[in-house]
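Peer 1: Structure for the following, please:
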Amino acid sequence: MASQTMSFVRTQPAAAAAVAIAVIGVATILGAYYFQFVLGYPPCPLCLEQRFAYYFAIPLAAMILLGISVGSSRKVLVLALSAIAVAMLWNAGLGAYHSGVEWHWWPGPQDCSGATPNFSAGGSLLDQINRTRVVRCDEAAWRFLGLSLAGYNVLISLALAAIAACGAWGMIRGTAGSSR
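Peer 2: Okay, the predicted model is just below:
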């Protein structure tokens with residue numbers, strides 16, 4: 001089984017990279033949703049912004065697989081994998097910035113937000129404002145082994161960037177794919 005997997009990675013680097021990016025990306029987003037909706041950790045604005053790279057990379061990885069199945073050119077596949085690598089490097093930088101904000105190494109954005117009260121509902125406006133929970137970017141909601149979710153996002157994003165870059169490099173080297 002392991003030799004078949006390594007053979008697939010060597011002969012189809014773009015496909016292997018796309019599958020890994022899609023699977024890891026979906027698992028990461030599902031993990032973020034689990035923390036948000038099941039465990040009750042609402043995301044701050046920086047947390048939400050860090051999801052954008054996954055929302056970009058997952059469908060693009062699926063399109064890479066579709067492109068491979070219809071015989072897309074090597075240049076298109078390399079460009080798509082390179083775009084994923086760049087997006088994930090940007091996301092790793094954003095995650096590192098967010099981690100630094102959580103550790104109070106530098107100031108964070110001033111637009112931390114919470115749920116907006118329904119001003120048209122009955123009752124006291126002051127009570128509604130007081131019940132509003134503001135999610136701060138400079139407070140880590142959860143840590144494991146010293147890393148917050150933003151810190152783990154850095155590691156995952158760097159891994160996905162490396163996977164995309166390796167897939168692109170495998171295509172550039174010409175080990176597989178179309179010669180167009």
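
Peer 1: which SSE is the most centrally placed residue in the chain in?
Peer 2: Central residue of the chain (Cα atoms, centre = their mean): Y54, 3.6 Å from the mean position. Y54 is located in helix 52-69, with elements delineated by DSSP states H and E.

Peer 1: Now do the buried residues in that helix.
Peer 2: Across helix 52-69, burial judged by 16 or more other Cβ atoms under 10 Å covers A53, Y54, F56, A57, I58, L60, A61, A62, I64, G67, I68. Every residue, glycine included, has its C-beta placed from N, CA and C.

Peer 1: nearest to G31, of those residues?
Peer 2: Distance to G31 across these (Cβ to Cβ) is lowest for Y54, with 10.5 Å.

Peer 1: Is it correct that that closest one is in contact with G31?
Peer 2: No. At 10.5 Å, Y54 does not count as touching G31 under the criterion of Cβ atoms under 8 Å.

Peer 1: returning to what we had before: tell me who's in contact with the residue nearest to the centre of the chain.
Peer 2: G25, T28, I29, N91 (Cβ atoms under 8 Å, 6 or more residues apart in numbering).

Peer 1: In strands, which of these fall?
Peer 2: In strands, judged by DSSP state E, none of the contacts of Y54 are found.

Peer 1: Filter the residues you listed down to the buried ones, PyMOL style.
Peer 2: Buried members of those, defined by 16+ other Cβ under 10 Å, are picked up in PyMOL with:
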select buried, resi 25+28+91
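
Peer 1: mind listing the helices for this protein?
Peer 2: Secondary structure of the chain (DSSP state H): helices at 2-11, 13-33, 45-50, 52-69, 74-102, 125-131, 149-172.

Peer 1: Those helices into JSON lines, with extra columns for mean pLDDT and distance to Q110?
Peer 2: Below are the helices of the chain laid out as JSON lines (pLDDT from 0 to 100; distance: least, Cβ to Cβ, whole Å):
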{"stretch": "helix 2-11", "mean pLDDT": "59", "distance to Q110": "45"}
{"stretch": "helix 13-33", "mean pLDDT": "95", "distance to Q110": "24"}
{"stretch": "helix 45-50", "mean pLDDT": "87", "distance to Q110": "10"}
{"stretch": "helix 52-69", "mean pLDDT": "96", "distance to Q110": "20"}
{"stretch": "helix 74-102", "mean pLDDT": "93", "distance to Q110": "11"}
{"stretch": "helix 125-131", "mean pLDDT": "64", "distance to Q110": "19"}
{"stretch": "helix 149-172", "mean pLDDT": "93", "distance to Q110": "18"}
